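# Predicted coordinates and the sequence they were generated for:
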Amino acid sequence: MKFRLLVADDEKNIREGLAAALEMDGYEVVTAGDGAEALNRYEKGDIDLVITDLRMPGLSGGELQKKIGAENPALPVIILTGHGTVENAVTAMRNGAYDFLTKPVNLDHLSMLVKRALENQELTLKHRNLEAELEKQNQFKKMIGSSAAMRRVFEMISRAAPAKASILITGESGVGKELVADALHELSPRKGKPLVKVHCAAIPETLIESELFGHEKGAFTGAISRRRGRFELANEGTLFLDEIGEIDQNIQIKLLRVLQEKKFERVGGEETLEADVRIIAATNRDLKAEIEKGSFREDLYFRLNVVNIHVPPLRERKDDLPLLINAFLQEFAAENGKAVEEIDEKARAAIYGCDWPGNIRELRNCMESSVVMAKGSVITEADLPPTVRAKSEETWIRIPLGATMEDSEKIIIRDTLSYFNGNKSRAAEVLKIGRKTLHRKLAEWDG
């Protein structure tokens, strides 16, 4: 990166001399003959550091520094001053100037000062970018991914979270639908209120109504006291209904009423209660197919599916595998007190080659098992679970006897590329060649 500096001084010889010296240091330099011209040049953008004389006709260097500091406090401004105005230069520093130099300027000192100021600025920007990235990661909780598919999910979450609308999260088992619900609540205005979760498939059909709406004492055998339901507990917050497709139609009718009227009664009770609850539901079922079969109400589906966020299966976002592998590796190494630091190429290729029908949950279990079984600091293919090893054993590349080295190279590269569904980055990583080399070879063979 080539930094662009702005030098402002009403004395032409000083201005041009400083510019020439700074250009010899490798900087791009623009100049201004007074404060107004300097401010105009700064406002056009692309200035990384300003060097300005303190006393200039019209807009002074001190006033220029104040205007720049008010808009961009991180931009370093170095003040040049005569011996008689050092006190004014110190005042400028109190107002945010980076440093000051007295005239005549020591060019070596100026060079050092500029270098240090730009390095500090870069560190500050990197720190801010890191903080922003950490904040973003914190917003999405434990959701890991940078693939295009996951960026779309993150964008949907960011846009939908502030609204009041109900959200239906769809996707296969194990893709992380609950993490999406966590992120939606965390980014919503209800963040400080309860996030209550109901795993509908885990609750017996006879108890789901009581679980959702609560019950009065004596409502049924075993109801020895009044119990508040999940809707009451989630009041002013968020209610996450996981595996919503598992509830029967009687409960679906009552759930529809709450969504429409925001009112309900406890089991065995007569008092009508109100609940201000944002509903987030999730399912791994095709609810449209369930509607066709008559097992899921269409009106409830439309009430829940105001916004749909689909979480892709792992096989459709294999670009995220390196991030996921490294995150799980660090997590389970720390959890188990093991110094496992990496995974070798054969083991990595075996993991990349799996379709992961159990998605993130299955990959997570695989990495936990592999860390536990690892004998040293590196996970090998032998440390992987048997199902993953068996899959890797199916991925042989067969080279006919008598094939030339060139033909063998073509087979290896093309079969590896095919194995990774045309993903050149992944193929190049496993083959330990650069992407440019891979592209060049493919272009030669196809040309």
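Good, I have the coordinates. The shown structure was predicted, so the numbers you read here are calculated from the model rather than taken from an experiment. Residues are numbered from 1 along each chain as shown.
# give me the low-pLDDT residue ranges for this protein?
1, 83-86, 89, 127-141, 391-396, 398, 447 (pLDDT under 70).
# Domain-wise, how is it divided?
Under automatic domain parsing, the residue ranges defining each domain of the chain are 4-130, 148-312, 316-393, 405-446.
# you'd agree Val93 is up against Thr81?
Just to correct that, residue 93 is Met rather than Val. No: look at Met93 against Thr81 with C-beta atoms under 8 Å: they stay out of range, at 10.6 Å. All C-beta spots, glycine's among them, are computed from the backbone N, C-alpha and C.
# Which neighbours do these two have in common?
Counting by C-beta atoms under 8 Å, 6 or more residues apart in numbering, the residues touching both Met93 and Thr81 are Phe100.
# The two: which has the busier surroundings?
Using other C-beta atoms under 10 Å, the more surrounded residue of Met93 and Thr81 is Thr81, with 22 against 15.
# which residues sit in contact with the more buried one?
Asp53, Leu54, Arg55, Asn88, Ala89, Phe100, Leu101, Thr102, Lys103.
# tell me which of these is nearest to Tyr301?
Phe100 (68.8 Å; C-beta to C-beta).
# How much space separates Arg285 from Gly218?
For Arg285, the distance to Gly218 equals 36 Å [C-beta to C-beta, to the nearest Å].
# oh, I was asking about Glu290
From Glu290 to Gly218 the distance is 35 Å (C-beta to C-beta).
# cool, His185 as well?
35 Å.
# Neighbour count: the two, which is higher?
His185 (23 against 12).
# Verify the stated contact: that one with Thr238.
Yes: the pair His185 and Thr238 qualifies as a contact (C-beta under 8 Å) at a distance of 4.4 Å.
# hey, what's in contact with both of these two?
Counting by C-beta under 8 Å, 6+ apart, the residues touching both His185 and Thr238 are Leu195, Ile280.
# on that earlier part again, out of the contacts of Thr81, list just those in strands.
Mapping the contacts of Thr81 onto strands (DSSP state E) picks out Asp53, Phe100, Leu101, Thr102.
# Count the neighbours of the nearest residue to Gly96 once chain neighbours are set aside for me.
Taking C-beta to C-beta, 6 or more residues apart in numbering, and ignoring the residues beside it in sequence, Gly96 has Gly69 as its nearest neighbour in space, at 3.9 Å. Counted with other C-beta under 10 Å, the neighbours of Gly69 add up to 16.
# picking that back up, out of the ones in strands among the contacts of Thr81, who has the most neighbours?
By neighbour count, taken as other C-beta under 10 Å, the most surrounded of those turns out to be Asp53 (24 neighbours).
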